[in-house]
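Novice: with the sequence up front, the predicted model follows.
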Number of protein chains: 2
Amino acid sequence: MSDLKPYLRHHQRRIDAALRRFLPKESVRPATIHKAMRYSVFAGGKRLRPILALAAAEACGGDPECALPAACAVELVHTYSLVHDDLPCMDDDDLRRGRPTSHKVFGEAIAVLAGDALLTEAFAILATMAPCSRYQVQHYITELAQAGDSRRLIGGQVLDLEGEGKQLTKRDLIRIHEAKTAALLTASLRLGGMAANATPHQLQALTDFGYHLGLAFQVIDDILDVTQSTEMLGKTAGKDAAVDKATYPSILGLEQSRQEAHRLTTKALTALKPLRRQALHLEQIAHYLLDREY
Amino acid sequence: MSDLKPYLRHHQRRIDAALRRFLPKESVRPATIHKAMRYSVFAGGKRLRPILALAAAEACGGDPECALPAACAVELVHTYSLVHDDLPCMDDDDLRRGRPTSHKVFGEAIAVLAGDALLTEAFAILATMAPCSRYQVQHYITELAQAGDSRRLIGGQVLDLEGEGKQLTKRDLIRIHEAKTAALLTASLRLGGMAANATPHQLQALTDFGYHLGLAFQVIDDILDVTQSTEMLGKTAGKDAAVDKATYPSILGLEQSRQEAHRLTTKALTALKPLRRQALHLEQIAHYLLDREY
């Protein structure tokens, strides 16, 4: 795992530089909205989704550089969804990545609009992707729009809200995580692969990897919400239990949740086999995410 | 004007049918979000923007049919912006098109998410546009994303919110209306023109028309807010004065506002000259919008 840290840092820097280029400057009028957009985008996120996009391009034998617009677009969609999910009318969270949430700093109206603007900007940026022989701009747009739509990303948040205070089964929980987490992780990987002109076979490997990694990621997130402090998480710890939200630990217990995270990570790693040595960094990222648990 | 009513009705029906096809059914899970999306989209809107897209395709010598996905996309962007603008944290409106607003029926969380989903769906639908010799999918996406971004549609709402209770000049007001109204009207026309493979010359005529029509439209809206009842408007009348919002009538007075609407409409009509007879319906629509005033 010792090689991964510099790899992650290197890609984080590339992504941050690209985001800074793509997003309107804070001085552009009206300044408030541009300050709010940048506040949430440059809040110290791990850049997991865009890094997955770049690593997926690499895993398909391409130059990660060609996937940069797609990488930035998925990060903006992720950020917009956090800004809206944190609103008082939704999860009502005051803290995100160790800082006050957007609506705490800019007010609710600007937080709603900043989320809207980040979502809109994501598509503007994605439209700048260079076409390759297998994929054109419409394929990129469709991929991102579907991952973020009312059945996937947004639908997952609806199911999540509707599930609060209810007795959910493991199957219900998986359905929420498929929609809310796995869909956008998978799209990040697939967009990266498409930017590298991936074969249908390679794209399928990335899809299977993304699905299991996404579920594993969410199991681990649920575990961390129970076992870590607010300070370590950078967001309010124990939140799930406080709002009586069903989670893996609450349904399966901690030990079985850990086993589930291992099992899903193993499935994710198996899916990468067809991509061979080129998928080394994707493999390392899967291990790295699992290790967050400890 | 007698020919225009059947034309508008005919196009409204085509657009409604296409929107019904494009939007997920209410039965698709999670049902709440799909009910909320359809509730706002099928609330009896005039379909002005999508009709302008179809009429612009016609004005450039194309078949309006080819502009249908673009027409639906602009209507969804318009609808999402209304759903979010009506939220308690923004304009706090209970009534829209004569019915309770989305957050009144579905709650604030679902209203925020339904708006997000409509915006996302707009790009998914726009990605289905057939390319023509001059314009590809990336041009359509860029056009819509720019019209809806933090400088235009969203930026206009920010300026509008920030202007409440302040003494604005006519210049300030124009800046708000350019961003909040004229940009999306212009994009509707341009997308329709692009679907018909418009020449740069034709596109410029549509752009000039859209700019002046958009400003005229907003002046007339401001006038109607003063002179009409809530029942006639289908939304809360006298709202602008109640929240101390600067409007054309409040800055220029009613009579001068009417003159301004006439002046802007004349400019819009002049811009259409290069499109000749083919722009007949666009001309009629401009007259029709001006006549709302009486």
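Specialist: All right, it came through fine.
Novice: what's the helix or strand for the spatially most central residue of chain A?
Specialist: The centroid of chain A falls nearest to residue A:49 when counting by Cα atoms, centre = their mean (4.6 Å). Residue A:49 belongs to helix A:48-59 when assigned by DSSP states H and E.
Novice: which SSE is immediately downstream of that helix?
Specialist: helix A:68-85.
Novice: how far off centre is the following helix or strand past that next one?
Specialist: Sequence-wise, the next helix or strand downstream of helix A:68-85 (DSSP H and E) is strand A:95-96. Centroid displacement of strand A:95-96 relative to its chain, using Cα atoms, centre = their mean, to the nearest Å, is 16 Å.
Novice: for strand A:95-96, give the mean pLDDT please.
Specialist: Predicted confidence along strand A:95-96 averages 90 (mean pLDDT).
Novice: what packs against the next helix-or-strand element following it?
Specialist: Per DSSP H and E, strand A:95-96 leads on to strand A:99-100 as the next helix or strand towards the C-terminus. Helices and strands touching strand A:99-100, as assessed by 3 or more Cβ pairs under 8 Å, 6 or more residues apart in numbering or on different chains; DSSP states H and E, are absent. Quick note: C-beta positions are derived from backbone N, CA and C, even for glycine.
Novice: hmm, 10 Å instead?
Specialist: Using 3 or more Cβ pairs under 10 Å, 6 or more residues apart in numbering or on different chains; DSSP states H and E, the elements in contact with strand A:99-100 are helix A:31-41.
Novice: counting neighbours, which bits of the helix it packs on end up buried?
Specialist: A:32-41 (16 or more other Cβ atoms under 10 Å in any protein chain shown).
Novice: max-length helix in chain A?
Specialist: Determined from DSSP state H, the single longest helix within chain A is helix A:200-227.
Novice: so which elements touch that one?
Specialist: Partner elements for helix A:200-227 (3+ Cβ pairs under 10 Å, 6+ apart): helix A:48-59, helix A:170-177, helix A:183-195, helix A:230-233, helix A:239-242, helix A:248-252, helix A:254-271, helix A:280-291.
Novice: other residues contacting the fifth one?
Specialist: Outside of helix A:239-242, the residues that reach it under the criterion Cβ atoms under 10 Å, 6 or more residues apart in numbering or on different chains are A:91-93, A:95, A:164, A:221-222, A:225-226, A:230, A:233, A:236, A:245-250.
Novice: what's residue A:57 in contact with, if anything?
Specialist: Contacts of residue A:57 (Cβ under 10 Å, 6+ apart): A:63-68, A:70-71, A:189, A:191-198.
Novice: if we can go back for a sec, chain B: which of the buried residues of helix A:31-41 is nearest?
Specialist: residue A:33 (4.7 Å; Cβ to the nearest Cβ).
Novice: residues contacting the closest one?
Specialist: Contacts of residue A:33 by Cβ under 10 Å, 6+ apart are A:24, A:26, A:106, A:110, A:113-114, A:116-117, B:149-151, B:154-155, B:157-159, B:162.
Novice: tell me which entries of the residues you listed lie within helices.
Specialist: Filtering the contacts of residue A:33 for helices - DSSP H - leaves A:106, A:110, A:113-114, A:116-117, B:154-155, B:157-159, B:162.
Novice: mind putting those residues into a markdown table with pLDDT, distance to residue B:264 and neighbour count?
Specialist: Formatted as a markdown table, the ones in helices among the contacts of residue A:33 follow (pLDDT from 0 to 100; distance: Cβ to Cβ, whole Å; neighbours: other Cβ atoms under 10 Å in any protein chain shown):
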| residue | pLDDT | distance to residue B:264 | neighbour count |
| --- | --- | --- | --- |
| A:106 | 98 | 34 | 22 |
| A:110 | 98 | 30 | 27 |
| A:113 | 98 | 27 | 30 |
| A:114 | 98 | 32 | 30 |
| A:116 | 98 | 28 | 27 |
| A:117 | 98 | 28 | 28 |
| B:154 | 98 | 24 | 26 |
| B:155 | 98 | 21 | 27 |
| B:157 | 96 | 21 | 26 |
| B:158 | 97 | 24 | 26 |
| B:159 | 96 | 19 | 22 |
| B:162 | 94 | 24 | 16 |
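Novice: need the max-distance pair from those.
Specialist: Largest separation among the ones in helices among the contacts of residue A:33 by Cβ to Cβ: A:116 and B:162, giving 16.3 Å.
Novice: which ones are touching residue A:158?
Specialist: A:150-151, A:176, A:179-180, B:29-34, B:36, B:109-110, B:113-114, B:117.
Novice: apply 6 Å and report the result again.
Specialist: By Cβ atoms under 6 Å, 6 or more residues apart in numbering or on different chains, the residues touching residue A:158 are B:30, B:32-33.
Novice: quick check: residues of the stretch 51-200 of chain A near chain B?
Specialist: The interface of the stretch 51-200 of chain A toward chain B, taken as Cβ under 6 Å from any Cβ of the partner chain, is made up of A:84, A:89-90, A:108-109, A:112-113, A:116-117, A:119-120, A:123-124, A:127, A:137-138, A:141-142, A:145, A:148-150, A:154-155, A:158-159, A:161.
Novice: can you pull the pLDDT of the closest residue to residue A:271 other than its chain neighbours?
Specialist: Using Cβ to Cβ, 6 or more residues apart in numbering or on different chains and skipping residues adjacent in sequence, the residue nearest residue A:271 is residue A:208, 3.6 Å away. pLDDT, residue A:208: 98.
Novice: packing partners of the helix or strand residue A:144 falls within?
Specialist: Using DSSP H and E, residue A:144 sits within helix A:137-147. Applying 3 or more Cβ pairs under 6 Å, 6 or more residues apart in numbering or on different chains; DSSP states H and E, one finds that helix A:137-147 contacts helix A:183-195, helix B:108-126, helix B:137-147.
Novice: from the ones you listed, which stretch is densest packed?
Specialist: helix A:183-195 (a mean of 29; mean count of other Cβ atoms under 10 Å in any protein chain shown).
Novice: contacts for it?
Specialist: By Cβ under 6 Å, 6+ apart, the residues outside helix A:183-195 that reach it are A:49, A:52-53, A:56-57, A:60, A:66-67, A:70, A:74, A:135, A:143-144, A:147, A:152-153, A:202-203, A:206-207, A:210-211, A:214.
Novice: just the buried ones from the residues you listed, in ChimeraX syntax?
Specialist: Filtering the contacts of helix A:183-195 down to the buried ones (16+ other Cβ under 10 Å) takes a single ChimeraX command:
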select /A:49,52,53,56,57,60,66,67,70,74,135,143,144,147,152,153,202,203,206,210,211,214
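Novice: wait, residue A:134 sits on residue A:197?
Specialist: Yes - assessed by Cβ atoms under 6 Å, residue A:134 is found in contact with residue A:197 at 5.3 Å.
Novice: those two - which one has more neighbours?
Specialist: More neighbours surround residue A:197 than the other of residue A:134 and residue A:197, with 17 against 14 (other Cβ atoms under 10 Å in any protein chain shown).
Novice: ok so, going back, what about the residue nearest to the centre of chain A, distance to residue A:7?
Specialist: 16 Å (Cβ to Cβ, to the nearest Å).
Novice: try residue A:92
Specialist: For residue A:92 relative to residue A:7 (Cβ to Cβ), the value is 36 Å.
Novice: more neighbours, the two?
Specialist: residue A:7 (18 against 15).
Novice: okay, the closest residue to that one other than its chain neighbours: pLDDT?
Specialist: Leaving aside its sequence neighbours, residue A:7 sits nearest to residue A:281 (Cβ to Cβ, 6+ apart; 5.9 Å). Residue A:281 is assigned 96 on the pLDDT scale.
Novice: state the phi and psi torsions of residue A:243.
Specialist: phi -100, psi 10 (degrees, to the nearest 10).
Novice: grab the nearest non-local neighbour of residue A:244.
Specialist: residue A:165 (4.7 Å).
Novice: circling back to that earlier point, drop anything exposed from the contacts of helix A:239-242.
Specialist: Looks like the contacts of helix A:239-242 have A:91, A:93, A:95, A:221-222, A:225-226, A:233, A:236, A:245-250 buried, using 16+ other Cβ under 10 Å.
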